[in-house]
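J.: requesting a structural model of the entry that follows:
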Amino acid sequence: MDMIKTARTEQRKKSTEATGKTVEKALETALEELGAKVEEVDIEILEPGQKGVLGIFGSKEAKIRVALKKGSAGVEEVADSVTKLIMDCLDINYRIFSDTLDDTTYINIETAGVDGLLIGRKGDTLNSLQHLVGRIVSRKLGGYQRLTLDVGGYLKNRQEILKQKAVKAAERAKKSKREVGLEPMKASERRIVHMALSEIEGISTYTVGNGEMRKVFVSPEHGGERKNRFSKPKERS
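T.: Numbers count the residues shown, from 1 in each chain. This is a model prediction of the structure:
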């Protein structure tokens, strides 16, 4: 059964009320809930709040009402719109799912059997699509926006695979007391490996090579010394 060209996302809230110890704290909560920036909203202070005696007795929280300005759009909404436009130009059947976690917007595209076409060899096509969408969204919103574009959950699956490979490499390095090299990776993938092993005792990681695709080496520590995990690229014969 063909997939419908549509974006299945939750309806974005237009307004909310929030409380906090101060108006500023309440505003932070409201902006996070709406997924908006302060310049994109109108703010109404319902209760200014008060500290009370010694900051404890008789204190009262501040309460505000925050609403999106007419015509304003958040990162998720703009990213959805841009991604839909590109997909429509490619004339394929698709669905879009989006979410925002911390300060990063995650967009996942599902297609009717052409995920591989959008992903490309080793994710090269997907990487180009993410770059394109990211540039357009950042320009529309007037500043850099953290955005992850995925197709069929490829990136999430790839991240889990890389973490598993990194942990296995660390186990081999500890057991053999020798360095273990992983396959050449892009910067974003190397960072996943570095972070995955950052808290493992007795293990250091560093990058070797030049260019976009470099190798991460997993090394057992000797004498309690810990190598710089983000060392400058080095050449090896």
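J.: could you give the average pLDDT over stretch 147-156?
T.: Averaged across stretch 147-156, pLDDT comes to 93.
J.: then stretch 39-50?
T.: Mean predicted confidence for stretch 39-50 is 84.
J.: for it, which outside residues touch it?
T.: For stretch 39-50, the surrounding residues in contact (CB atoms under 8 Å, 6 or more residues apart in numbering) are 17, 19-23, 27, 30-31, 34, 58-69, 72-74. Using the backbone N, CA and C atoms, a C-beta is placed for each residue, glycine as well.
J.: just the buried ones from those?
T.: The neighbour-count criterion (16 or more other CB atoms under 10 Å) marks 19-20, 23, 27, 30-31, 34, 62-64, 66-68, 72-74 among the contacts of stretch 39-50 as buried.
J.: just the ones of those residues in helices?
T.: 23, 27, 30-31, 34 (DSSP state H).
J.: for those residues, which one is nearest residue 102?
T.: Of all these, the one sitting nearest residue 102 is residue 31; the distance, using CB to CB, is 13.1 Å.
J.: which residue sits closest to the closest one, ignoring its sequence neighbours?
T.: Leaving out its chain neighbours, the residue that sits closest to residue 31 by CB to CB, 6 or more residues apart in numbering is residue 38, at 6.4 Å.
J.: also residue 153?
T.: residue 108 (6.3 Å).
J.: next one: the strand or helix carrying that neighbour to chain centre, how far?
T.: Using DSSP states H and E, residue 108 maps to strand 104-111. In terms of CA atoms, centre = their mean, to the nearest Å, the centre of strand 104-111 is set 11 Å apart from its chain centre.
J.: buried stuff in it?
T.: 105-111.
J.: residues making contact with that strand?
T.: Here strand 104-111 makes contact (CB under 8 Å, 6+ apart) with 3, 75-76, 79-80, 83, 87, 92-100, 117-118, 133, 145-153.
J.: which of these are buried?
T.: With burial judged by 16+ other CB under 10 Å, the buried subset of those is 75-76, 79-80, 83, 87, 92, 94-98, 100, 118, 133, 145, 147-152.
J.: related to what we said a few turns ago, given the strand holding residue 108, what are its sheet partners and their directions?
T.: Using DSSP bridges, strand 104-111 pairs in its sheet with strand 94-101 (antiparallel), strand 146-151 (parallel).
J.: now those strands in a markdown table, with distance to residue 205?
T.: Formatted as a markdown table, those follow (distance: least, CB to CB, whole Å):
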| stretch | distance to residue 205 |
| --- | --- |
| strand 94-101 | 25 |
| strand 146-151 | 23 |
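J.: okay, the residue nearest to the spatial centre of the chain and residue 77: tell me how far apart.
T.: Note on the chain: the residue nearest the mean C-alpha position is residue 104, at 4.1 Å, using CA atoms, centre = their mean. Residue 104 is 15 Å from residue 77, where distance means CB to CB, to the nearest Å.
J.: need the contact list for residue 129.
T.: Going by CB under 8 Å, 6+ apart, residue 129 touches 86, 118, 149, 151.
J.: how about the contacts made by the third one?
T.: Residues counted as contacts of residue 149 (CB under 8 Å, 6+ apart) are 83, 107, 109, 126, 129-130, 133-134.
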